[in-house]
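> A structural model of the following input is requested.
(one chain, ligands or ions: 1)
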Amino acid sequence: MQTQTKAPVAVVTGASRGIGAAIATELARNGFEVALLSRDGNALEQLQQQLLKAGGRAWSFPCDVANRDDVTAALGRLEAKVGVPRVLVNNAGMGGPFHRADEVSVTEWDQLFGVNVDGVRNLCQWALPRMKAEGSGRIVNIASIMGLFGGAQSSTYAATKHALVGYSKAIAAEWGAYGITCNAVCPGYIETEMLAKAPAASRQRLLERIPAVRFGTPEEVAGLVAFLVGPAGGYVNGSALVMDGGLSSHL
Ligand code: NDP
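Model prediction:
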């Protein structure tokens, strides 16, 4: 009699569109059972149906990552239905606000930290002890090159992404002995709705500074994440991997 092994579970936040949707699609293609999280339940269900049609296994758990109670409730449902994840990809994030540091309101600052940083903490604090009990886990936090460099009109975003890089390295140091890796991926400019919101003139200025002379694609980021959570990625831990078409090679 053949025993059926259960597919490993991957949680992907911000899976309703853009980079997160591409990551979820790639991980499903690589044999993971994917749990899709974001606020837009309809968009999640659409992607879920798409992945199921393609022969994958996928689940939707709508929630606001910044709201700890909401996250805890969604993760409780996830654990009951799908089990403990082997992979956690913290991708949900917000861009902006695009103004000078002295013009950033406390509300804007708190909102960005709530999603980009507290959101990641909420998921990690839930996942880490469970992964430890399983003896293995892979966490990937989607930061940004703004997590390694600064940029005018981006102080809050840069602060949140620097926080993520530091958090990822600290988790790697603290949890590596339990078979858990944690890395930050630092994309440059990737063609998604977030980038589409930037004014045309700034998009053009950016393109002129990118040696590849194009923006990256969500699928390229997904490929790097798939490597990190796959068999070849096991010894990469505590790294901040840049993927920016060469932009930061001459900042
Ligand atoms: P999009 O704006 O296209 O997508 C953002 C995703 O995050 C959506 O799925 C959104 O879903 C989800 N999200 C936002 N807020 C919350 C929340 N409070 N709770 C749950 N989910 C939330 O962005 P990208 O795909 O471009 O970006 C994805 C990640 O990559 C972000 O962390 C971003 O900072 C990072 N990044 C992007 C770059 C780019 O050039 N595009 C460059 C470098 C990094 P919903 O609205 O359904 O909640």
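
> Okay, Arg121 and the ligand: tell me how far apart.
From Arg121 over to the ligand the distance is 13 Å, taken as Cβ to the nearest ligand atom, to the nearest Å. (Each C-beta comes from the backbone N, C-alpha and C, glycine too.)

> which one is Phe215 nearest to, not counting chain neighbours?
Among residues not flanking Phe215 along the chain, Glu191 sits closest, at 4.4 Å (Cβ to Cβ, 6 or more residues apart in numbering).

> which parts of this structure sit against the ligand?
Residues of the chain that fall close to the ligand, judged by Cβ under 6 Å from any ligand atom: 13-14, 16-20, 38-40, 43, 64-66, 91-95, 115, 142, 144, 187, 189-190, 192-195.

> what do you get if the cut-off is 5 Å, keeping everything else the same?
Contacts of the chain with the ligand, taken as Cβ under 5 Å from any ligand atom, map to 14, 16-20, 38-40, 64-66, 91-93, 115, 142, 144, 187, 189-190, 192-195.

> And for the residue nearest to Phe215, the neighbour number?
When neighbours are defined as other Cβ atoms under 10 Å, Glu191 has 16 of them.

> In contact with it: list those residues for me.
Phe215, Gly216, Thr217, Pro218 (Cβ atoms under 8 Å, 6 or more residues apart in numbering).

> how about 10 Å then?
The neighbours of Glu191, taking Cβ atoms under 10 Å, 6 or more residues apart in numbering as the test, are Gly18, Ile19, Arg203, Arg214, Phe215, Gly216, Thr217, Pro218, Glu220.

> Leu164 touches Asn141, doesn't it?
Yes: shown here, Leu164 and Asn141 form a contact pair, counting by Cβ atoms under 10 Å, at 5.0 Å.

> Tyr235 and Gly137, how far apart?
15 Å (Cβ to Cβ, to the nearest Å).

> Tell me which of these two has more neighbours.
Shown here are Tyr235 and Gly137; by other Cβ under 10 Å, Gly137 has more neighbours (23 against 6).

> What residues are bridge-paired with the more buried one?
Ile180 (DSSP bridges).

> Make 6 the first number, not 1, from now on.
That works, and once the first residue is 6, the last one we named lands at Gly142.

> where in the stretch 6-155 of the chain is pLDDT low?
Within the stretch 6-155 of the chain, the segments meeting pLDDT under 70 span 6-9.

> got the residue ranges for the helices in it?
Secondary structure of the stretch 6-155 of the chain (DSSP state H, counting those that start in this stretch): helices at 23-34, 46-58, 73-86, 111-118, 124-139.

> Of all the residues in the fourth one, which ones are buried?
It refers to helix 111-118. Trp114, Gln116, Leu117, Phe118 (16 or more other Cβ atoms under 10 Å).

> Same question for the third one.
If you call a residue buried by 16+ other Cβ under 10 Å, then helix 73-86 has these buried ones: Arg73, Val76, Ala79, Leu80, Leu83.

> before we move on, back to that, columns distance to Leu252 on top of the buried residues of helix 111-118, output as a markdown table?
Listed next are the buried residues of helix 111-118 as a markdown table, based on distance: Cβ to Cβ, whole Å:
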| residue | distance to Leu252 |
| --- | --- |
| Trp114 | 26 |
| Gln116 | 27 |
| Leu117 | 22 |
| Phe118 | 25 |
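
> more neighbours, Leu169 and Asn146?
Taking neighbours as other Cβ under 10 Å, Leu169 and Asn146 compare with Asn146 leading, 29 against 25.

> was I right about the more buried one contacting Asn188?
Yes: if you go by Cβ under 10 Å, Asn146 and Asn188 touch, sitting 7.4 Å apart.

> Mutual contacts of the two, please.
Val170, Ser173, Ile176, Ala245.

> Most neighbours out of these, which is it?
Most surrounded of the shared contacts of Asn146 and Asn188: other Cβ under 10 Å gives Ser173, at 27 neighbours.
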